[in-house]
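All I have is the shape, not the residue letters:
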Ligand SMILES: CC(=O)SCCNC(=O)CCNC(=O)[C@H](O)C(C)(C)COP(=O)(O)OP(=O)(O)OC[C@H]1O[C@@H](n2cnc3c(N)ncnc32)[C@H](O)[C@@H]1OP(=O)(O)O
Ligand SMILES: O=C([O-])CC(=O)C(=O)O
């Protein structure tokens, strides 16, 4: 068998153009539509960043007010979505819960003709669907956590912006400004990251001219894995296992001896550190100070320094965001759903970009299975003999 030039995991393969974001490992930078993400996190509400990702420009005051009004209109948890969530067992993973909720929203959207020929939708329909999902996800995530805790649903508040309302619906009390600010920054930092696994999944699904909801459902499935979004949950599991800074060295000795992956470290593209980490770490520091938890800072710093010095592998965004969400009070299993609530903006921007310049995504594979063989006594019919006369490239 001839050796094929396989790029395992598509590592290093450039598959298409995108104008949504630029990840540059050389300069350790990340641009959303040209703007450094750090500048956006320091100056913008998440709503403005969502607008930027969808439209390519930051909104004027009027455009932002319009988006905020529309977001408020679609905040409340729809009855059928709540009913579907309530059917799920309480120990279902929240990622499965959110995935199901998005499916229900998609199945209930009767815009378009209903035919598969029309599934991909117009740019206007897809923008409308994107805003609806973006608006609905906080109530889904918040309700999920409250349901697991045996608490009553908290209705959205029209006088609060996206991040403050998200925290209100989750905890039933108004969050301090420093907490809202840290949370808003995390939403911005998680919003977009070029052709990561979940975004690429969304683009593959979109490339078949399927609908936006199906692409988001698929993306949620890809995000759940601990090599991708699930790592923010996994970081907290690891930190709980370690317990305190004193235990880092023995814990790490054993984890490395067992060849375990240390969650929240490493990245396919960034090899010298993730561009978003310093901004998220600064947000974590404000939370550590606010909640007076120096023990978290000690454990964070000790694990980072030990792991980096031993392996030369740096933290990714999930490393500071895991403990940040823990300090805010989110349950560990809710962390990756928070990632969904943010990343739905990037996913949908990519879905619209893919639709606007589509080509079916269908790579080739090199076959390394059993040699051709036949069922004993089988006699090919005429159709099969005819097909064999027209051999195609194997794939
Ligand atoms: C928002 C995000 O999605 S960011 C990513 C979140 N994911 C995680 O934090 C999970 C932990 N990290 C990882 O598993 C990896 O770093 C990935 C999957 C993110 C990127 O990995 P890849 O580019 O595919 O590199 P790969 O996994 O092959 O790692 C290369 C080497 O570094 C090692 N390595 C990479 N990351 C880690 C880690 N976190 N812990 C231990 N070893 C690691 C690998 O074991 C491998 O070693 P080897 O060459 O001796 O086999
Ligand atoms: O880019 C990646 O591979 C993963 C990542 O950091 C993200 O999706 O935010």
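Here it is on my side, so go on. Remember, predicted model here, so these are calculated numbers, not experimental data. Ligands and ions are numbered 1, 2, ... in the order given.

what about the helices in the stretch 201-350 of the chain?
In the stretch 201-350 of the chain, the segments counted as helices under DSSP state H, counting those that start in this stretch are 212-224, 231-242, 248-257, 277-291, 294-311, 318-328, 335-356.

can you redo these as CSV with mean pLDDT, distance to residue 144 and mean neighbour count?
C-betas here are computed from N, CA, C, even on glycine. Converted to CSV, the helices of the stretch 201-350 of the chain look like this (pLDDT from 0 to 100; distance: least, Cβ to Cβ, whole Å; neighbours: other Cβ atoms under 10 Å):
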stretch, mean pLDDT, distance to residue 144, mean neighbour count
helix 212-224, 98, 13, 24
helix 231-242, 98, 14, 21
helix 248-257, 98, 30, 14
helix 277-291, 98, 22, 19
helix 294-311, 98, 25, 16
helix 318-328, 98, 14, 26
helix 335-356, 98, 7, 25
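
closest one to residue 134 among these?
Counting by Cβ to Cβ, residue 134 lies closest to helix 335-356 out of the helices of the stretch 201-350 of the chain; the figure is 5.5 Å.

Skip ahead from the closest one and say which helix or strand is next.
Note on helix 335-356: by DSSP states H and E, the next helix or strand toward the C-terminus is helix 382-388.

What residues sit buried inside that next one?
Buried residues in helix 382-388, counting neighbours by 16 or more other Cβ atoms under 10 Å, are absent.

contact partners of that helix?
With contacts defined as Cβ atoms under 8 Å, 6 or more residues apart in numbering, helix 382-388 is touched by residue 380.

The helices of the stretch 201-350 of the chain into TSV, with extra columns for distance to ligand 1?
Shown next, in TSV, are these (distance: least, Cβ to the nearest ligand atom, whole Å):
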stretch	distance to ligand 1
helix 212-224	8
helix 231-242	4
helix 248-257	7
helix 277-291	10
helix 294-311	6
helix 318-328	5
helix 335-356	7
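
quick one, which of these is nearest to ligand 2?
Nearest of these to ligand 2, taken as Cβ to the nearest ligand atom: helix 335-356 at 7.2 Å.

just the angle between the closest one and helix 231-242, please?
Comparing the axes of helix 335-356 and helix 231-242 via axes from the mean of the first three to the mean of the last three Cα atoms, to 10 degrees yields an angle of 160 degrees.

All further residue positions should be reported with the first residue as 31.
In the new numbering, first residue 31, that becomes helix 365-386.

for helix 365-386, packing partners?
Applying 3 or more Cβ pairs under 8 Å, 6 or more residues apart in numbering; DSSP states H and E, we find helix 365-386 packed against helix 76-85, helix 124-138, helix 153-178, helix 207-220, helix 227-237, helix 242-254, helix 261-272, helix 348-358.

Check whether it comes near ligand 2.
No - Helix 365-386 is not in contact with ligand 2 by Cβ under 6 Å from any ligand atom; minimum separation 7.2 Å.

any weak-confidence spans in the chain?
Low-confidence segments of the chain (pLDDT under 70): 31, 421-425.

isn't residue 162 right next to residue 104, touching?
Yes - using Cβ atoms under 8 Å, residue 162 is in contact with residue 104, at 4.9 Å.

Using a markdown table, lay out the helices and strands packed on helix 365-386 together with distance to residue 390.
Formatted as a markdown table, the helices and strands packed on helix 365-386 follow (distance: least, Cβ to Cβ, whole Å):
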| stretch | distance to residue 390 |
| --- | --- |
| helix 76-85 | 24 |
| helix 124-138 | 21 |
| helix 153-178 | 18 |
| helix 207-220 | 29 |
| helix 227-237 | 5 |
| helix 242-254 | 14 |
| helix 261-272 | 31 |
| helix 348-358 | 32 |
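
Dump those to TSV, plus distance to ligand 2.
Compiled in TSV, the helices and strands packed on helix 365-386 are given as follows (distance: least, Cβ to the nearest ligand atom, whole Å):
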stretch	distance to ligand 2
helix 76-85	13
helix 124-138	15
helix 153-178	17
helix 207-220	7
helix 227-237	6
helix 242-254	8
helix 261-272	9
helix 348-358	8
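
Domain map for this protein?
Following automatic domain parsing, one gets these domains for the chain: 45-257+361-386, 262-356.

Compare the helices and strands packed on helix 365-386 and give me the one nearest residue 59.
The closest of these to residue 59 is helix 207-220. By Cβ to Cβ, the value is 13.1 Å.

Could you pull out the buried residues of that closest one?
209, 210, 211, 212, 213, 214, 215, 216, 217, 218, 219, 220.

Identify the spatial nearest neighbour of the fourth one, chain neighbours not counted.
In space, and not counting its chain neighbours, residue 212 is closest to residue 313: 4.1 Å by Cβ to Cβ, 6 or more residues apart in numbering.
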